[in-house]
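J.: Curious how this folds, go ahead:
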Amino acid sequence: MSHASATLEANGLAGALRRVRYPLAAVAVALFIVGEILLHLPPKMLPRIGVDKLLHVICYGGFTGLTLLLLSVFAGWTYLWRSTSGLAMVAAALVALAVLGYVDELTQPLTGRRFQWSDLAADIVGIVLCAALFALLARWGTSRRLEA
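T.: Numbers count the residues shown, from 1 in each chain. As a prediction, this is how the structure comes out:
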């Protein structure tokens, strides 16, 4: 790979995301707020379609994706996924998301819902699935660079 194409690749998507990192962070915060509101809707407002656990998996998977995307944009993809301190930052973010899921369950009685360990388990499944996807992308990206 020539220096020019490597520079273009480095400045492509990563550069574009870096330029819009603050608006991206604002959108992420707004989506977190909307997600938490949806997870706290009173039972009477919830559709009876039997997919509550799936919604928890999707919501916390989305929270995880947003968090890891923002960490990648602000800290740098290579630093985040290739350094010990970057991986510690990822681990801390994942633990913080699991704690958020626990706090989410603790506060649900305030809106007429009830604490459920199965909801927390679904939150953690969403966190783990999304984190695994990001880890696979990081590994795939590294192996592609090594082959080039």
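J.: For Phe74, give its distance to Cys130.
T.: 18 Å (C-beta to C-beta, to the nearest Å). Quick note: C-beta positions are derived from backbone N, CA and C, even for glycine.
J.: How about the contacts made by the residue nearest the centre of the chain?
T.: For the chain, the residue nearest the mean C-alpha position is Thr64 (1.6 Å; C-alpha atoms, centre = their mean). Going by C-beta atoms under 8 Å, 6 or more residues apart in numbering, Thr64 touches 94, 97, 126-127, 130-131, 134.
J.: secondary structure element for it?
T.: Assigned by DSSP states H and E, Thr64 belongs to helix 52-75.
J.: Check the average confidence over that helix, would you?
T.: Averaging pLDDT along helix 52-75 gives 89.
J.: Name the nearest of the contacts of Thr64 relative to Leu55.
T.: Using C-beta to C-beta, Gly126 comes nearest to Leu55 of these, at 9.5 Å.
J.: Number of residues surrounding the closest one?
T.: 25 (other C-beta atoms under 10 Å).
J.: Many thanks, I have nothing further to ask.
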